[in-house]
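Peer 1: I need the structure of the sequence given here:
(one chain, ligands or ions: 1)
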Amino acid sequence: MRILVTNDDGIYAEGIYALAGALARVGEVTVVAPDTQRSAVGHAITLTDPLRVTEARRNKKFFGYATSGTPADCVKLAIKSIMKGKPDLVVSGINLGANSGMNILYSGTVSGATEGALLGIPSFAISLDTFVRPDFSVAADFAAKLAQALNKKRLPKGTLLNVNVPAVPRTRLKGVKFTSQSHELFRDWFQKRTDPHGQTYYWMTGKFRTSAAKPGSDVEAIDKGHISVTPIQFDLTDYKFLSELETWDI
Ligand code: MN
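Peer 2: Numbers count the residues shown, from 1 in each chain. A predicted model of the protein is given here:
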């Protein structure tokens, strides 16, 4: 099994190192990831600048290819230019912080996997629900297990899996729940500050969620200590409203 690994936290992040290590137990891993932090770039691609690629080393060994692009760029470039032949699987992560609810739209991690699915390759994104003192080992082991399952099972065309792992010790983990995407949003606002030159700048900050999570959703599963696996797709059409829209006389 040939596995392409990417992320949005950058090739030197801890999460992608744990992920590549675990996936190397089940397949031949190629890492192509952004050379810097690229969180929340969504599905952006680079058109006006060239993409630079350098070899990245970690622990004194070749680890993968660092690019100046976004996660979607990395997957495109890997499949069309860097790898010889298509991979059997694309895995993006392990992200520092959950990618649940509407945040999926902003997530570079999810977009890395989305690009894989767009190119017709089974793909999943995986994120750990914490920003402090992360232990990626549980999520990494689950990624290897899911990779093996995807070697046998088939995903529908245009569907990818979005995995979120709660940051609980292995002994308190409650198993896997298959979930729907919740509609939770970051409630964000801007801190207004003054720079050393007297100029005003703004810095976005926020809090995730103020309401109760939708039953059966990703957020609910993570909160209760389950690994959440959500099948997602990228046809954004509102089919229910489409038929009403067709009655508009415009
Ligand atoms: Mn990230």
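Peer 1: got the residues of the chain near the ion?
Peer 2: D8, D9, S39, N95 (CB under 5 Å from the ion). In short, each C-beta sits where N, CA and C put it, glycine included.
Peer 1: Next, give me the two most distant ones among those.
Peer 2: The span of the residues of the chain next to the ion, defined through CB to CB, is set by S39 and N95 at 7.7 Å.
Peer 1: can you pull the contacts of the residue nearest to S123 when sequence neighbours are not counted?
Peer 2: Using CB to CB, 6 or more residues apart in numbering and skipping residues adjacent in sequence, the residue nearest S123 is G116, 3.3 Å away. Taking CB atoms under 8 Å, 6 or more residues apart in numbering as the criterion, G116 is in contact with L4, V75, I79, P87, L89, V90, S92, P122, S123, L160.
Peer 1: Contacts for stretch 128-142 next, please.
Peer 2: Applying CB under 8 Å, 6+ apart, the set of residues contacting stretch 128-142 is 14-15, 18-19, 21-22, 93-98, 100, 126-127, 163-167, 169-170, 173, 176, 222, 227.
Peer 1: Endpoints of it, how far apart?
Peer 2: 11 Å (CA to CA, to the nearest Å).
Peer 1: Repeat that for stretch 202-221.
Peer 2: Terminal-residue distance, stretch 202-221 (CA to CA): 34 Å.
Peer 1: circling back: mind checking which of the contacts of stretch 128-142 land in helices?
Peer 2: If you go by DSSP state H, the contacts of stretch 128-142 have E14, G15, A18, L19, G21, A22, I222 in helices.
Peer 1: With neighbour count and pLDDT added, can I get those in TSV?
Peer 2: Shown next, in TSV, are the ones in helices among the contacts of stretch 128-142 (neighbours: other CB atoms under 10 Å; pLDDT from 0 to 100):
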residue	neighbour count	pLDDT
E14	14	98
G15	24	98
A18	22	98
L19	29	98
G21	14	98
A22	22	98
I222	25	96
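Peer 1: So which of those residues is the closest to the ion?
Peer 2: Nearest to the ion out of the ones in helices among the contacts of stretch 128-142 is G15 (CB to the ion; 8.2 Å).
Peer 1: ok, and the closest non-adjacent residue to that closest one?
Peer 2: Nearest non-adjacent residue to G15 (CB to CB, 6+ apart): I94, at 3.6 Å.
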